[in-house]
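**Student:** What follows is a predicted structure for the sequence shown.
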Amino acid sequence: MSRRVTVATAVLGLLCALTGRVAAQSENRDLIEGLEFQLLYVALPLSLFVLMILVYATVKFHDNDDPQPTAEDPALEITWTAATAIILLFVGIAGYSVLVSPYVSPSQATDVAGGEQGAVESIDDLPETDDEELVVRAYQWGWEVTYPEHNVTTEDEIVIPADEDVTIWLTSDDVVHSLFVSDLGVKQDAFPQEYTRLRTNVYETGQYDADCTEFCGAGHSRMDADVIVVEPDAYESWLEDNEGSQATAPDG
């Protein structure tokens, strides 16, 4: 196999890897990856186009002993200016459509309730949503998860139903923490004396790793948790069986 064919094969394999898409496990990750691929589909052809022009110019003019300045071409300048504006407009609209999604951009409890800043001081004051709701309280160095409507509490285990909208109210007892679930595309800071809404919808059952990604002291490296996603029926049964108690997560 010639060197040229080997290089071409490697480039083709790289392009396939970049454009190949794996099914996302949650609405959050689906939105983020969708935006990434939209931008990739724009950036990749442009990068190849610029590279081809660079190679062409290098080969054609490498031995030019009498280079001349580029002649003025208003039509060409207008064309590339307009093309650049269209590309930037596309990127702006694509990015904005994802960033305004409640699955990507968090909101404060006061924003959801429409009240004044500082009005939400406890779990009882949290605004109602149409989602399944739970409260995750971060502390040095662990996570306490409370299901207010069912009086169920877990430690370092976040149990949620699959294929349902879930609102997680995040808060902190001491310093700023950050809940990060890589496989689900979920990441949100938890602030002291504030409740921040994190919204998700997970498609696949199973167990996912969660970590704190905001340095919070000597025990930061061991501040992790398990996100357990189960079928809705199993979730309801687990809540009923553990109502009023300190619960352990069901088998995924």
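**Tutor:** Cool, got the structure. What you see is a predicted model, and the numbers here were worked out from it, not measured in a lab. Numbers count the residues shown, from 1 in each chain.
**Student:** Number of residues surrounding W141?
**Tutor:** Burial of W141 is recorded as 18 neighbouring residues (other Cβ atoms under 10 Å). Heads up, the C-betas are built off the backbone N, CA and C, glycines and all.
**Student:** How many neighbouring residues does the nearest residue to it once chain neighbours are set aside have?
**Tutor:** Using Cβ to Cβ, 6 or more residues apart in numbering and skipping the chain neighbours, the partner closest in space to W141 is G219 (3.3 Å). G219 has 11 neighbouring residues, counting by other Cβ under 10 Å.
**Student:** in its sheet, what does the helix or strand where V145 lies sit against?
**Tutor:** If you go by DSSP states H and E, V145 is part of strand 142-147. For strand 142-147, the paired strands and their directions (DSSP bridges) are strand 132-139 (antiparallel), strand 152-155 (antiparallel).
**Student:** Give me the distance between the spatially closest residue to E27 that is not a sequence neighbour and L184.
**Tutor:** Excluding the flanking residues, the one nearest E27 by Cβ to Cβ, 6+ apart is N201, at 4.1 Å. Remark: distance between N201 and L184 (Cβ to Cβ, to the nearest Å) = 10 Å.
**Student:** residues shared between the contacts of the two?
**Tutor:** Listed as contacting both N201 and L184 by Cβ atoms under 8 Å, 6 or more residues apart in numbering are 26, 28.
**Student:** got the contact list for L239?
**Tutor:** Contact analysis of L239 by Cβ under 8 Å, 6+ apart lists 147, 150, 152.
**Student:** and the second one, what pLDDT?
**Tutor:** This points to H150. Listed pLDDT for H150 reads 87.
**Student:** For it, grab phi and psi.
**Tutor:** Reported as degrees, to the nearest 10, the phi and psi values for H150 are phi -120, psi 0.
**Student:** what about the residue lying closest to it once chain neighbours are set aside, distance to L51?
**Tutor:** Counting by Cβ to Cβ, 6+ apart, H150 lies nearest to L239, which is 4.5 Å off, once chain neighbours are set aside. Separation of L239 from L51 (Cβ to Cβ): 57 Å.
**Student:** now swap in P148 and tell me
**Tutor:** From P148 to L51 the distance is 56 Å (Cβ to Cβ).
**Student:** Next: V166.
**Tutor:** 45 Å.
**Student:** Quick check on those two: which one has the bigger neighbour count.
**Tutor:** Comparing V166 with L51 by neighbour count (other Cβ under 10 Å), the higher total belongs to V166, at 20 against 10.
**Student:** Contacts only, for the more buried one.
**Tutor:** Listed by Cβ under 8 Å, 6+ apart, the contact partners of V166 are 131-134, 160, 199-202.
**Student:** got it, and H177?
**Tutor:** Neighbouring residues of H177 by Cβ under 8 Å, 6+ apart: 138-139, 189-190, 212, 214, 216, 223.
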